[in-house]
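A.B. asks: sequence first, then the predicted structure:
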Amino acid sequence: MLDWAPDRRSLLRLGLTGAAAALRETLSARRARAANGAPARDPRERHLGGLRQLTFGGQNAEAYFDWTGERLVFQSTRPPFGCDQIFTMRADGSQARLVSTGKGRTTCAYFFPDGSRLLYASTHHAGADCPPPPDRSGGYVWPLYDYDLYTCAPDGGDLRRIVAHPGYDAEGAVAADGRRIVFTSLREGDLDLYLCDPDGGHVRRLTDRPGYDGGPFFSWDGRQIVWRAYYPPDAAALAEYRALLARGLVRPLRAELFVMDADGSGVRQVTANGAANWAPFLHPDGERIVFASNLHDPGRFDFALYLCRRDGRGLERLTYAESFVAFPMFSRDGGRLVFCGNRGAAAPREYNVFLADWVD
């Protein structure tokens with residue numbers, strides 16, 4: 001459940017039926033917030049102080065701070081929407097607000113440093129309906145939908161399509177100077193990292209090794225980029241990867257973490273454990289990386305949060321109280337950690353946003 005009260009702009013997007021569904025959702029969320037105490041915390045989670053739950057029910061993911069630490073932007077599948085839309089909320093979970101169009105599917109939103117605009121990816125240019133789910137009869141895969149990059153004002157207005165290219169353009173983040181966007185694109189036949197200007201101009205490629213480079217984030221000072229990548233280890237794996245890519249799919253069963261300077265130089269591999277390591281984010285000290293991984297689970301199903309140094313040493317598991325957790329992000333002052341997971345979930349595939357005070 002998401003505690004959000006549609007404003008006039010949202011009401012116009014939703015219509016009467018949609019607005020009624022949103023109101024029911026808001027009332028349910030407020031009841032859930034009142035009924036629930038602090039979320040469960042495992043005694044081994046010594047870095048997580050003052051843990052609190054910000055959303056209640058549904059599928060909520062990729063919650064990221066603004067530069068002040070006062071607001072979060074995130075994606076959520078909530079009534080009346082059939083797939084993810086972009087919302088903002090205060091860091092205490094209140095004042096949630098729809099900022100995307102309510103059409104298509106959206107993902108990977110991020111604040112510009114001055115708070116004047118938001119970045120996100122959307123498929124709504126290709127159609128108002130949610131794109132169809134992938135065929136997973138042959139195993140777990142991710143779909144590479146026809147996303148383009150958009151920016152908008154904090155209330156969702158002044159929408160601008162800044163990257164309009166056939167195929168997948170998503171997983172974007174903004175640098176501290178507000179003048180660079182890093183994102184993943186299929187524009188040259190492989191999933192690589194690119195930089196562009198805030199208006200989508202001056203696109204330049206950062207990676208060119210065959211495989212899936214994705215999930216990039218700048219460090220808070222804008223000097224480094226951290227990301228996760230899967231590079232097929234042999235000819236057979238490369239052939240399978242390319243066959244899936246031709247069908248608009250990837251199989252994200254393994255990925256390692258990498259860091260580089262923000263201009264694409266100085267690439268360094270961080271992990272080499274053969275697991276699915278993803279959603280990395282650099283601590284403001286520029287030396288530590290928080291990320292999600294299933295390295296502890298021999299079956300590679302359960303995910304926890306981990307912390308390591310930029311050179312891969314000092315690995316430490318951070319979470320224990322759920323079977324899935326991901327999308328961790330430190331606030332700019334390093335004092336808080338936001339993440340998403342199924343801790344205390346009341347239904348299958350329920351993922352909520354959680355916030356903790358970081359305890360070194």
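C.D. replies: Cool, the structure landed.
A.B. asks: where does the protein have low pLDDT?
C.D. replies: Where the chain drops to pLDDT under 70, the residues are 1-36.
A.B. asks: repeat that with 90
C.D. replies: By pLDDT under 90, the weakly predicted segments of the chain are 1-38, 40, 298-301.
A.B. asks: the helices in it, which residues?
C.D. replies: Assigned by DSSP state H, the chain shows helices spanning 8-35, 235-246.
A.B. asks: quick one: the last one to chain centroid distance?
C.D. replies: On the basis of C-alpha atoms, centre = their mean, to the nearest Å, helix 235-246 is displaced by 25 Å from the centre of the chain it belongs to.
A.B. asks: in the stretch 151-300 of the chain, which spans are strands?
C.D. replies: Under the criterion DSSP state E, counting those that start in this stretch, the stretch 151-300 of the chain contains strands at 160-163, 169-174, 181-185, 192-196, 204-205, 212-218, 224-230, 249-250, 256-261, 268-269, 277-282, 288-293.
A.B. asks: what comes into contact with the fourth one?
C.D. replies: If you take C-beta atoms under 8 Å, 6 or more residues apart in numbering as the criterion, strand 192-196 is touched by 162-163, 180-185, 187, 202-208, 213-214, 216, 225, 227, 264. To be clear about C-beta, it is placed using only N, CA and C from the backbone, and glycine gets the same treatment.
A.B. asks: which of the residues you listed are buried?
C.D. replies: 162-163, 180-185, 187, 203, 206-207, 213-214, 216, 225, 227, 264 (16 or more other C-beta atoms under 10 Å).
A.B. asks: wait, F217 touches Q224, no?
C.D. replies: No - between F217 and Q224 there is no contact under C-beta atoms under 8 Å: 9.2 Å.
A.B. asks: anything in contact with each of these two?
C.D. replies: L282.
A.B. asks: what is the end-to-end distance of stretch 55-71?
C.D. replies: With C-alpha to C-alpha, to the nearest Å applied, stretch 55-71 spans 14 Å between its terminal residues.
A.B. asks: quick one: it to chain centroid distance?
C.D. replies: Taking mean C-alpha positions (C-alpha atoms, centre = their mean), stretch 55-71 and its chain are 10 Å apart.
A.B. asks: okay, buried residues for that stretch please.
C.D. replies: Buried-residue list, stretch 55-71, by 16+ other C-beta under 10 Å: 55-67, 71.
A.B. asks: and for stretch 149-160?
C.D. replies: Neighbour count says stretch 149-160 has L149, Y150, T151, C152, P154, G156, L159 buried, by 16+ other C-beta under 10 Å.
A.B. asks: and the contacts of it?
C.D. replies: 7, 9-10, 88, 97-101, 112, 115-122, 161-163, 169-170, 172, 181, 183, 198-200.
A.B. asks: could you export it as PDB, CA atoms only?
C.D. replies: Output of stretch 149-160 as PDB, limited to C-alpha atoms (Å, rounded to 0.1, in the frame of the first residue of the first chain):
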ATOM      1  CA  LEU A 149      15.000   8.500 -21.200                       C
ATOM      2  CA  TYR A 150      12.900  11.400 -20.000                       C
ATOM      3  CA  THR A 151      13.200  14.300 -17.600                       C
ATOM      4  CA  CYS A 152      10.500  16.200 -15.800                       C
ATOM      5  CA  ALA A 153       9.800  18.800 -13.200                       C
ATOM      6  CA  PRO A 154       9.400  17.500  -9.600                       C
ATOM      7  CA  ASP A 155       5.600  17.500 -10.000                       C
ATOM      8  CA  GLY A 156       5.800  15.500 -13.200                       C
ATOM      9  CA  GLY A 157       5.200  18.500 -15.400                       C
ATOM     10  CA  ASP A 158       7.400  19.800 -18.300                       C
ATOM     11  CA  LEU A 159       8.100  16.300 -19.500                       C
ATOM     12  CA  ARG A 160      11.000  16.100 -22.000                       C
END
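A.B. asks: what pairs with the spatially closest residue to A326 that is not a sequence neighbour across the strands?
C.D. replies: Leaving out its chain neighbours, the residue that sits closest to A326 by C-beta to C-beta, 6 or more residues apart in numbering is A292, at 3.9 Å. With DSSP bridges applied, A292 shows beta-bridge pairing to W278, L305.
A.B. asks: ok, A292 - contacts?
C.D. replies: N277, W278, A279, F303, A304, L305, Y306, V325, A326, F327, P328.
A.B. asks: was I right about the fifth one contacting L318?
C.D. replies: Yes - with contact taken as C-beta under 8 Å, A304 and L318 are classed as touching, separated by 7.0 Å.
A.B. asks: for the closest residue to A176 other than its chain neighbours, what are its contacts?
C.D. replies: Distance criterion C-beta to C-beta, 6+ apart; nearest residue to A176, sequence neighbours excluded, is G222 at 3.6 Å. Residues in contact with G222 (C-beta under 8 Å, 6+ apart) are A175, A176, D177, R180, A262.
A.B. asks: go again with 7 Å.
C.D. replies: Neighbouring residues of G222 by C-beta atoms under 7 Å, 6 or more residues apart in numbering: A175, A176, D177, A262.
A.B. asks: how far away is the last one from Q224?
C.D. replies: Meaning A262. 6 Å (C-beta to C-beta, to the nearest Å).
A.B. asks: thinking again about what came up before, reformat the buried residues of stretch 55-71 as CSV; add distance to P132.
C.D. replies: What follows is the buried residues of stretch 55-71, written out as CSV (distance: C-beta to C-beta, whole Å):
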residue, distance to P132
T55, 26
F56, 29
G57, 24
G58, 20
Q59, 17
N60, 22
A61, 20
E62, 21
A63, 26
Y64, 27
F65, 33
D66, 33
W67, 37
R71, 33
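A.B. asks: now, those that are in strands?
C.D. replies: Residues of those located in strands (DSSP state E): Q59, N60, A61, E62, A63, Y64, F65, R71.
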